[in-house]
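Asks: task: produce atomic coordinates for the following.
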Amino acid sequence: MEQHQISPESLFPAIAAQIRGALSTLHLASLQAVPPEDREKDPDLDRRAALMDQSYYRLLRLVNLLSAAALPENAPLTLQNRDLVELVGDICGRAGDLAQSLGLNVRFSCAFPRRVCAVEPQLLEQLLFHLLSNAFKFTPPGGTVTVELRAQGGHLLLSVADTGQGIPTERLAALFDGGLHIERQEPVPHGLGLGLFLCCRIAKRHGGTLVAKSQVGRGSLFTLSLPDRQVEGSVSDVPFDYAGGFNRTLLALADALPVQAFLVRSQG
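Replies: So this is what the prediction gives:
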């Protein structure tokens with residue numbers, strides 16, 4: 001009987017789908033056990049349920065990151081002509097509302113009212129949300145996260161700057177390598193390093209680049225450079241970008257937000 005060796009890359013999408021299904025079942029069960037109307041009446045119950053919601057979103061976010069990282073680097077990419085001013089502004093608005101729970105301000109700066117560019121919208125959203133999540137995690141209360149969109153030499157530059165703790169010089173070279181850096185695990189909120197690896201891959205698949213500059217104690221600056229181009233319009237399809245019908249912004253920023261952001265009263 002012929003045997004076929006199964007690689008982790010081919011097996012993970014199926015595993016991820018089962019994990020998502022199990023997480024969705026758990027989340028729906030928690031909604032039935034603790035309905036929103038009961039949470040609204042009982043602040044203590046709301047706080048305890050918010051912990052479950054936070055854990056759900058963080059696990060789902062991690063599964064999505066792993067699924068995205070497992071996709072082949074040369075997987076087909078379908079571009080759409082999108083107004084980046086509108087797209088980025090909308091993301092900043094949604095993220096800014098939640099940043100208030102961290103005591104942070106989010107600013108969006110752009111010199112032009114409209115700019116159409118060929119991008120994969122869901123991938124660009126994923127990239128920007130991850131950069132915002134990192135900025136939120138490493139910027140103390142009272143700080144500012146500034147998103148800027150500008151044009152330069154046939155490219156559009158999308159940057160995310162924060163007034164946070166900054167990144168040591170010795171770590172900058174390995175930011176985008178996708179390796180598991182144990183030293184990032186402590187203290188919280190360091191992660192696995194997969195997110196920036198995925199962001200760099202998204203930039204490359206768009207024909208662009210992602211670079212970082214930082215100074216300890218003064219903050220970090222991440223800049224995405226995209227070709228300033230347009231293509232024939234088409235339909236976008238990103239199979240790993242799964243939100244399960246739930247709050248996409250909470251999902252994207254779950255790793256950075258405090259439990260207070262998951263209270264029913266915070267989402268009303």
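Asks: elements contacting whichever strand or helix holds Ser30?
Replies: Assessed by DSSP states H and E, Ser30 sits inside helix 8-33. Applying 3 or more CB pairs under 8 Å, 6 or more residues apart in numbering; DSSP states H and E, we find helix 8-33 packed against helix 43-70. Where C-beta positions appear, they are placed from N, C-alpha and C, glycine not excepted.
Asks: quick revisit: angle of the helix holding Ser30 against helix 43-70?
Replies: For helix 8-33 against helix 43-70, the angle by axes from the mean of the first three to the mean of the last three CA atoms, to 10 degrees is 160 degrees.
Asks: report the buried residues of the helix or strand following helix 8-33.
Replies: Next helix or strand after helix 8-33 toward the C-terminus (DSSP H and E): helix 36-41. Buried residues in helix 36-41, counted by 16 or more other CB atoms under 10 Å: Arg39.
Asks: do stretch 80-99 as well
Replies: Of the residues in stretch 80-99, those buried (16+ other CB under 10 Å) are 80, 82, 84-85, 87-88, 91-92, 94-96, 98-99.
Asks: okay, and which of the residues you listed map to helices?
Replies: Residues of the buried residues of stretch 80-99 located in helices (DSSP state H): 84-85, 87-88, 91-92, 94-96, 98-99.
Asks: any chance of those residues in JSON lines, plus pLDDT?
Replies: Shown next, in JSON lines, are those (pLDDT from 0 to 100):
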{"residue": "Leu84", "pLDDT": "97"}
{"residue": "Val85", "pLDDT": "97"}
{"residue": "Leu87", "pLDDT": "96"}
{"residue": "Val88", "pLDDT": "97"}
{"residue": "Ile91", "pLDDT": "97"}
{"residue": "Cys92", "pLDDT": "97"}
{"residue": "Arg94", "pLDDT": "95"}
{"residue": "Ala95", "pLDDT": "97"}
{"residue": "Gly96", "pLDDT": "95"}
{"residue": "Leu98", "pLDDT": "95"}
{"residue": "Ala99", "pLDDT": "96"}
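Asks: okay, those residues in JSON lines with distance to Ser109 next?
Replies: As requested, these are arranged in JSON lines below (distance: CB to CB, whole Å):
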{"residue": "Leu84", "distance to Ser109": "13"}
{"residue": "Val85", "distance to Ser109": "11"}
{"residue": "Leu87", "distance to Ser109": "15"}
{"residue": "Val88", "distance to Ser109": "10"}
{"residue": "Ile91", "distance to Ser109": "14"}
{"residue": "Cys92", "distance to Ser109": "10"}
{"residue": "Arg94", "distance to Ser109": "17"}
{"residue": "Ala95", "distance to Ser109": "15"}
{"residue": "Gly96", "distance to Ser109": "13"}
{"residue": "Leu98", "distance to Ser109": "20"}
{"residue": "Ala99", "distance to Ser109": "16"}
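Asks: circling back: average pLDDT for the helix holding Ser30?
Replies: For helix 8-33, mean pLDDT is 83.
Asks: now do stretch 210-219
Replies: Mean per-residue pLDDT for stretch 210-219: 94.
Asks: off-centre distance for that stretch?
Replies: 19 Å (CA atoms, centre = their mean, to the nearest Å).
Asks: show residues contacting stretch 72-92.
Replies: With CB atoms under 8 Å, 6 or more residues apart in numbering as the test, stretch 72-92 has contacts from 9, 106-108, 110, 112-121, 123-125, 128-129, 132, 147, 149, 156, 158, 201, 204-206, 230-231, 233-237.
Asks: how does it look with 7 Å?
Replies: Contacts with stretch 72-92, where a contact means CB atoms under 7 Å, 6 or more residues apart in numbering, come from 106, 108, 110, 112-121, 124-125, 128-129, 147, 149, 156, 158, 201, 205, 230-231, 233-237.
Asks: the strands in the stretch 151-268 of the chain, which residues?
Replies: 155-162, 209-215, 219-227 (DSSP state E, counting those that start in this stretch).
Asks: quick one: closest of the ones you listed to Phe262.
Replies: Among the strands of the stretch 151-268 of the chain, strand 155-162 comes nearest to Phe262, with 22.9 Å by CB to CB.
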